[in-house]
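In: Structure for this input, please:
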Amino acid sequence: MKRLLPITLLLLLLTGAAAAGAYRVYLPLVSRGPAAAPTATSTPSPSPTPAEQTWWQPAPGTSWQWQLSNNDAIDTSFDVAMYDIDLFEAPQSVIDQLHADGRIVICYFSAGSWEDWRPDKDDFPPEVIGKPLDNWEGESWLDIRQIDLLAPIMRARLDLAVQKNCDGVEPDNVDGYANDTGFPLTADDQLAYNRFLASEAHSRDLSIGLKNDLDQIPDLLSDFDWALNEECFSYNECDLLAPFVEAGKAVFGVEYELNTADFCPQANAMNFDFLKKHWELDAWRESCR
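Out: This next block holds a predicted model:
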């Protein structure tokens, strides 16, 4: 026979469960009011327990493919566990085909820069658009301090990832504080913004990877499910990624200029999952594993 709990005890139990993250509700953007922006001193939410986590978290040794160009001709033939493709430009038919083939689909978008070719480019207020990125025409840094202005745009992009059935996201340019953006960004500003992105992704059951931003790995390791790096062997900084592997989380990476013989043995020894790719990130690849 089911016993009814006294109302005071019931309220205490419900309060404790909510604090522990037992009740996680996602509401679509259209029914959600604006959220308060995190402050620079905000702290990450407690990591979910295995029973609570429902999004994809890859272990070291996960095979993958990365293609962000020639989106009308994405090569789906590679026998890998995960594909990383463009959120806006990859056709829905490709995502559906990859899922039918048993692949995980990660969707790329830039969270730290404005791109003048994206369909939501006019949603960005002029005051958040900063200096151009070096060597990337039509792309400018964002003032990530103004999370209140950027949050509706980034939430809409994450909602699009859900609508397109992406399993996770790869937000790019999340290390603006270490670049000449035109704004006086600090490390704390970057931590607050990156944690905002991770929290919003997880609230939608989306996996999320930390792109580059090597110096903040100790602070962000618990917030992100995997890492993606470009050219750490070229710059002799791969040791900074070791905490991800030690935590049982995959480190995906690419080198563009080095020969595979120059980095693959070390990448494999470190249990990284590295590829050699063209700069344009077309379908071509050479895998270290």
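
In: in the host helix or strand of residue 242, what counts as buried?
Out: Per DSSP states H and E, residue 242 falls inside helix 242-246. Residues of helix 242-246 classed as buried: 244-245 (neighbour count, 16 or more other C-beta atoms under 10 Å). Bear in mind the C-beta positions are built from the backbone N, C-alpha and C, glycine included.

In: and that helix, C-alpha only, in PDB?
Out: Extracted C-alpha coordinates of helix 242-246, given in PDB (Å, rounded to 0.1, in the frame of the first residue of the first chain):
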ATOM      1  CA  ALA A 242      45.900  15.000 -21.600                       C
ATOM      2  CA  PRO A 243      43.300  15.700 -18.900                       C
ATOM      3  CA  PHE A 244      40.500  14.800 -21.300                       C
ATOM      4  CA  VAL A 245      41.900  11.400 -22.000                       C
ATOM      5  CA  GLU A 246      42.600  10.900 -18.300                       C
END
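
In: If you count contacts, what does it end up packed against?
Out: helix 217-220 (3 or more C-beta pairs under 8 Å, 6 or more residues apart in numbering; DSSP states H and E).

In: picking that back up, what's in contact with the helix holding residue 242?
Out: Helix 242-246 is contacted from outside by 60, 217-218, 221, 226-227, 250-251, 270-272, using C-beta atoms under 8 Å, 6 or more residues apart in numbering.

In: pLDDT of it, averaged?
Out: The average pLDDT for helix 242-246 rounds to 98.

In: hey, C-alpha coordinates of the helix or strand following that helix in PDB?
Out: Once helix 242-246 ends, the next helix or strand along the chain (criterion: DSSP H and E) is strand 251-255. Presented in PDB, the C-alpha positions along strand 251-255 are these (Å, rounded to 0.1, in the frame of the first residue of the first chain):
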ATOM      1  CA  VAL A 251      40.400  14.100 -27.900                       C
ATOM      2  CA  PHE A 252      39.700  14.600 -31.600                       C
ATOM      3  CA  GLY A 253      42.300  16.500 -33.600                       C
ATOM      4  CA  VAL A 254      43.700  17.400 -37.000                       C
ATOM      5  CA  GLU A 255      47.100  18.500 -38.400                       C
END
